Each structure stands twice: as structure tokens, then as C-alpha cells.
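**Student:** Starting from these lines, generate the structure:
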Amino acid sequence: MDTISARQDELSLSGKRDGASLVLRKYSKGQHFPAEKHTKNCMIFLLKGELLLNSNEHPGTVIRKNQFILQAIGSKAELIAIADVEYIIFWFTELPVICEEQYKDILKHAEEPTTYSPLSVVPKLDRVLQDIKEHIDAEAQPSAEYLDLKGKELVYMLISQYPEPVMAAFFFPISSYTESFHYFIMQNYDKVKNVEEFAHLGGYTTTTFRRLFKNMYGIPVYEWILDRKREGILNDLRTTHQRISVISNRYGFESLSHFAHFCKDSFGDTPRSLRKRSNSGEKIGIVKLTRHRKHLME
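**Tutor:** Numbering: from 1, shown residues only. Prediction:
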């Protein structure tokens, strides 16, 4: 199944409500999804086969039958089916919780684990997953209301059936995104060219937006945006074979010349040279940003 068909298949098997959706995916061995930035949080529950996941949290990780993982909004994940697979993917912006106080208590103790590893599905969680699969398989148009309830039940099983320290580590990647402003930033930062455009997109005055951002993130918004842009560009140059012009357009540069200047300021070299050096095994770092480039985002 190609990428376009896969997306159409996903839309036909979704139950969506309040920004959350439960999707059943079935792919043959060899199906590949290149790394793309997630605009929502997601959990993947593997029902059959083996799935190779490449992301910052789970580099080169094989998810096996009856295992699951969490990827946070803003992360990039590449997926490869290394056997015929079936899995449920749960997309959400804010986690639909029944026992909110218990979840908040878990977040208070959330600490980043030394390594991220897939968790195993316990029997009670498996019954919820099988109910979801059977409903989607049986219905031409799955009930959004039913899947909304099953999504809440799924989260309840995680919180009630697993030890608190395990869930504290599991939910750590999303523990900082507890307010709508966080989600707005993570969903839209790569769609804007400057601070004014970012503020306007959210319905804020530029002054108010700068203040909210500085209070929440501790640094000026233009510095944060440029850091995310650099990370994305460097990742694309190192891990993809996409044309330089495609990468340049993705990050909003008006010309290849402008893109080349940005790369020289940020990494000390041109995009083509950076890719060549990275392919030869050299570790590429970020150089100090010039005052001129800072001014462009202000």
C-alpha cells in the first residue's frame, strides 16, 4: 500500500472527536512511512507483526505484538513494517482522562527514563484494544462516540493497570504540554516565517505573544523558533535524500541562496557540503547565530 492509499485508509477507519482519533492500520511487510513531524501526540499498540520505529526517543526500536509506545507532539518518527502488521494508533492533543487527579499526580513525578522501551500490553488493556479492532472491522463508518469512550477507557487502563513509576516515565514526553498554548506552539511553529505571523495565527498581539512565550519557555520566541528550524534542517540533511530545494521550501526560505546563507551561519557550511560531511560520518554542530539572522526573526 502506498502512502496516499495509506492516508485514505486511515481516514476511512477513524473515529474523531475533540481532536482525538483511534485508527486501525493494516500493512504488508515493507510498508515504509518516512519521518514526518507529528502535529499531535500518539500511542501505537501493535496487534500483529513487527514494526521498526526510528525517532529520537526510540532509535532503531522494534515494536512487537502486544507492545506499545508513545510519541509526543512535535517529534519525528519513521515507521517500517518488517512483517505484515496490524496496529491501533491513538492520536490526541490533550489526553482524555477519567481520573484526572490521578493523572496529574503521575505527571508530577514524571522523569525522563535513561532509555525508552516499548511496554507490554496487560490482559485488561488487550480486551479494550480487541473491542476497538472488532468495532472498526465490523463497521463501514465506525462510531465516533463509541471510539471516544473507548479512548477514555484505554487511557484509564494505562493509569489503573500499570505501576505509577512506569506511567510517569511513559508520559514524560508529554508531561510539559499541559496547557493549550503549548499545543498551539508545537502544532504551528514550522508554519510561520516570523514572530508577527505566529502571533497573528493565534489571535494574539505581538507584545502579548512575546510575553506569554517568554514566561512559558524562558527564552525569546525568535530564538526558540530558530533552534527548532535548525534542528529540523540538520535532521533532514542527515537522514533523508530529499532535494536541497525541497528542504529549503519546507522551512520557508525565499531562495536557495537565502537557505545557503542560513546554513553557513547556523552550521558553518553549505547544505550540500553539510550532507556530504554527514554522510562521511562527521558530526555536524550548530555554530553561534549571527546578530543579522536573529534580526530576521524579530
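
**Student:** ok, L46 to T208 distance?
**Tutor:** Distance, L46 to T208, using C-beta to C-beta, to the nearest Å: 44 Å. To be clear about C-beta, it is placed using only N, CA and C from the backbone, and glycine gets the same treatment.

**Student:** other SSEs contacting the helix or strand harbouring R211?
**Tutor:** Using DSSP states H and E, R211 sits in helix 206-217. Judged by 3 or more C-beta pairs under 8 Å, 6 or more residues apart in numbering; DSSP states H and E, the packing partners of helix 206-217 are helix 180-188, helix 195-201, helix 221-239.

**Student:** Worst mean pLDDT among those helices?
**Tutor:** Ranked by mean pLDDT, these end with helix 180-188 in last place, scoring a mean of 79.

**Student:** what angle do that helix and helix 206-217 make?
**Tutor:** Using axes from the mean of the first three to the mean of the last three C-alpha atoms, to 10 degrees, the direction of helix 180-188 lies 100 degrees away from that of helix 206-217.

**Student:** mind saving the C-alpha coords of helix 180-188 as PDB?
**Tutor:** Extracted in PDB, the C-alpha atoms of helix 180-188 (Å, rounded to 0.1, in the frame of the first residue of the first chain):
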ATOM      1  CA  SER A 180      -3.400  24.800  25.200                       C
ATOM      2  CA  PHE A 181      -0.700  27.400  24.500                       C
ATOM      3  CA  HIS A 182       1.900  24.700  24.500                       C
ATOM      4  CA  TYR A 183      -0.100  22.700  21.900                       C
ATOM      5  CA  PHE A 184      -0.600  25.800  19.700                       C
ATOM      6  CA  ILE A 185       3.200  26.400  19.700                       C
ATOM      7  CA  MET A 186       4.100  22.800  18.900                       C
ATOM      8  CA  GLN A 187       1.400  22.500  16.100                       C
ATOM      9  CA  ASN A 188       2.300  25.700  14.300                       C
END
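
**Student:** List the contacts of the host helix or strand of S257.
**Tutor:** Assigned by DSSP H and E, S257 falls within helix 256-267. Under the contact criterion C-beta atoms under 8 Å, 6 or more residues apart in numbering, helix 256-267 has outside partners 226, 230, 233-234, 244-245, 247-248, 251, 253, 269-271, 274, 284-287, 289-290, 292-293.

**Student:** Mark which of those residues are part of helices, please.
**Tutor:** Among those, the members falling in helices (DSSP state H) are 226, 230, 233-234, 244-245, 247-248, 271, 274, 292-293.

**Student:** Report how many residues lie close to R211.
**Tutor:** Counted with other C-beta atoms under 10 Å, residues neighbouring R211 total 13.

**Student:** again, but for A199
**Tutor:** Neighbours of A199 (other C-beta under 10 Å): 20.

**Student:** which residues does it contact?
**Tutor:** Here A199 is in contact with 205-206, 208-210 (C-beta under 8 Å, 6+ apart).

**Student:** Mind doing that once more with 6 Å?
**Tutor:** With contacts defined as C-beta atoms under 6 Å, 6 or more residues apart in numbering, the neighbours of A199 are 206, 209.

**Student:** V128 now?
**Tutor:** Taking C-beta under 6 Å, 6+ apart as the test, what V128 contacts is 153-154, 157.

**Student:** in the host helix or strand of L147, what's buried?
**Tutor:** L147 belongs to helix 144-161 when assigned by DSSP H and E. When burial is assessed from 16 or more other C-beta atoms under 10 Å, helix 144-161 yields the following buried residues: 144, 146-148, 150-151, 153-159.

**Student:** I'd like the next helix or strand past that helix.
**Tutor:** Sequence order places helix 164-170 as the next helix or strand after helix 144-161, per DSSP H and E.

**Student:** For that following helix, name the packing helices and strands.
**Tutor:** helix 100-108 (3 or more C-beta pairs under 6 Å, 6 or more residues apart in numbering; DSSP states H and E).
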